[in-house]
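Visitor: Fold the stuff below for me.
(one chain, ligands or ions: 2)
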Amino acid sequence: MHQAFLLKYAEIGIKGKNRYKFENALCEQIRHRLAKIDGEFEVVREQGRIFVEARGEFDFEDAVEAMSRVFGVSAISPVDVIEDKSWDNLVKSVGDFVEKQYDERNFTFKVKSRRSDKHYPLTSPEVCVEMGGCLLERFPELSVDVHHPEVFIWVEIREKAYVYSRVYPGACGMPLGTNGKAMLLLSGGIDSPVAGYMIAKRGVYIDAVYFHAPPYTSERAKQKVVDLAKLISCYTGPIRLHVVNFTDIQMYIYEECPHEELTIIMRRYMMRIAEDLAVKNSCLGLITGESIGQVASQTMHSLMATNDVCELPVYRPLIGFDKQDIVDISEKIGTYETSIQPYEDCCTIFVAKHPVTKPNVEIIRRSERKLEEKIDEMVKTALDTIEIIEVDE
Ligand code: ATP
Ligand code: MG
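Guide: Ligands and ions are numbered 1, 2, ... in the order given. Sure thing, here's the model as predicted:
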């Protein structure tokens with residue numbers, strides 16, 4: 001079977017001179033994604049749109065799903081390319097297309113037309129009217145509804161002619177690789193996978209870091225984070241996951257610092273280590289799943305105290321989101337079920353009964369001085385003993 005798809009993209013269209021770079025990155029990502037499924041596909045760029053042609057056998061659903069996960073693609077439509085666009089052949093081909101696409105043909109429709117070939121004997125409105133009439137003649141069960149049709153049939157007349165109708169939604173956003181790379185602090189929760197997805201959606205490659213505290217956090221808890229990374233990688237591309245052994249640092253803070261400050265100080269060390277890894281891996285920022293007020297460590301005061309240790313920008317795409325909004329996205333991208341598995345999290349192990357909700361940066365800095373003796377060595381050891389897991393869909 002020879003099947004082609006027309007892929008549309010939204011924002012890239014407005015990028016002026018850089019447009020071709022975005023289009024190339026997009027084609028690259030589509031090729032990359034399709035290479036992972038059975039079948040042979042050719043991706044070509046033509047007059048501000050992208051065509052994917054399948055050669056030989058392939059699984060239609062797999063192909064559409066793969067393309068719908070490519071950031072930058074806004075819509076995917078199966079299309080028939082009509083080489084001989086003479087009116088008689090066009091009418092026949094459009095009819096054949098309708099017959100092939102729709103088994104039941106008792107819907108209301110409207111023909112939409114676009115014409116870039118200005119020498120074509122019919123204008124766009126004429127194509128719509130005439131083609132509508134021809135379709136009614138061939139399929140008497142159909143009826144026209146120009147206001148609220150159930151089905152649009154698009155006929156485009158360019159160098160060749162094209163007909164398409166069904167539209168599968170794309171992931172939108174910007175193609176990966178058009179906006180550098182960032183380091184995601186990935187926990188096993190609901191929020192951070194969504195945060196990573198959202199930044200990747202703007203064209204940013206993702207690396208990740210997970211703070212593991214064995215034996216307080218189990219192998220299962222770590223596996224859950226690997227699973228989450230794998231789930232988002234079908235959107236974000238391969239993720240290099242850094243697993244940091246955080247136990248000694250956490251215990252040391254627990255022994256030396258006031259317990260109500262534990263979470264904040266711990267989070268400051270997470271950010272410091274994440275930043276170090278980010279710089280070493282050419283990342284241009286950090287990403288967290290924080291949202292104002294969600295927990296004590298995410299009040300404005302707490303965020304300020306955490307942010308205090310970072311020089312790189314910290315991207316918090318969920319900052320203004322309600323929990324339910326975040327849950328909705330996690331369900332959409334398929335991470336929710338994994339996120340709610342009940343494995344312990346290193347942040348909850350030593351959590352104080354009454355953590356500070358308005359930490360004062362000066363006081364926190366003073367508390368951290370109690371760690372002076374061993375902390376640098378511990379951070380160094382944590383960085384030297386990182387386990388790297390390459391995660392791919
Ligand atoms: P999440 O649902 O993402 O776990 P949360 O609501 O549990 O978030 P916190 O535990 O306060 O919130 O964590 C805030 C952010 O800090 C997380 O979104 C994540 O980016 C980062 N983070 C927390 N714990 C870890 C960890 N063990 N390893 C890596 N990053 C972490
Ligand atoms: Mg968490």
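Visitor: Pull the contacting residues for residue 344.
Guide: Applying Cβ atoms under 8 Å, 6 or more residues apart in numbering to residue 344 gives the contacts 216-218, 221. (Glycine included, C-beta is placed from N, CA and C.)
Visitor: the helices in this structure, which residues?
Guide: For the chain, the helices defined by DSSP state H cover 19-34, 60-68, 87-101, 124-138, 191-200, 219-236, 247-256, 262-280, 300-307, 323-333, 336-339, 346-349, 361-368, 375-384.
Visitor: In this structure, what helix or strand scores lowest on average pLDDT?
Guide: One helix or strand of the chain scores below all others by mean pLDDT, DSSP states H and E: helix 346-349, with a mean of 62.
Visitor: give me the number of residues near the residue in the chain that ligand 2 sits nearest to?
Guide: Proximity to ligand 2, evaluated over the chain using Cβ to the ion, is greatest for residue 189 at 3.4 Å. When neighbours are defined as other Cβ atoms under 10 Å, residue 189 has 20 of them.
Visitor: For it, give me the pLDDT.
Guide: Listed pLDDT for residue 189 reads 94.
Visitor: Now it: closest residue in space that isn't a chain neighbour?
Guide: residue 339 (6.0 Å; Cβ to Cβ, 6 or more residues apart in numbering).
Visitor: what's the most buried one of the helices of the chain?
Guide: Per residue and on average, the most neighbours among these fall to helix 191-200, with a mean of 26 (mean count of other Cβ atoms under 10 Å).
Visitor: now for it, which elements pack on it?
Guide: strand 181-185, strand 205-212, helix 219-236, strand 286-287, helix 323-333 (3 or more Cβ pairs under 8 Å, 6 or more residues apart in numbering; DSSP states H and E).
Visitor: Redo the ones you listed as a markdown table? Include mean pLDDT and distance to residue 367.
Guide: What follows is the helices and strands packed on helix 191-200, written out as a markdown table (pLDDT from 0 to 100; distance: least, Cβ to Cβ, whole Å):
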| stretch | mean pLDDT | distance to residue 367 |
| --- | --- | --- |
| strand 181-185 | 98 | 22 |
| strand 205-212 | 98 | 20 |
| helix 219-236 | 96 | 28 |
| strand 286-287 | 98 | 23 |
| helix 323-333 | 97 | 30 |
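Visitor: Distance to residue 163 added to these, as JSON lines?
Guide: Formatted as JSON lines, the helices and strands packed on helix 191-200 follow (distance: least, Cβ to Cβ, whole Å):
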{"stretch": "strand 181-185", "distance to residue 163": "41"}
{"stretch": "strand 205-212", "distance to residue 163": "37"}
{"stretch": "helix 219-236", "distance to residue 163": "30"}
{"stretch": "strand 286-287", "distance to residue 163": "42"}
{"stretch": "helix 323-333", "distance to residue 163": "31"}
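Visitor: now the contacts of residue 344: which count as buried?
Guide: Among these, the ones that count as buried by 16 or more other Cβ atoms under 10 Å are 216-217, 221.
Visitor: Out of the residues you listed, flag the one nearest to residue 28.
Guide: Nearest to residue 28 out of the buried ones among the contacts of residue 344 is residue 221 (Cβ to Cβ; 35.4 Å).
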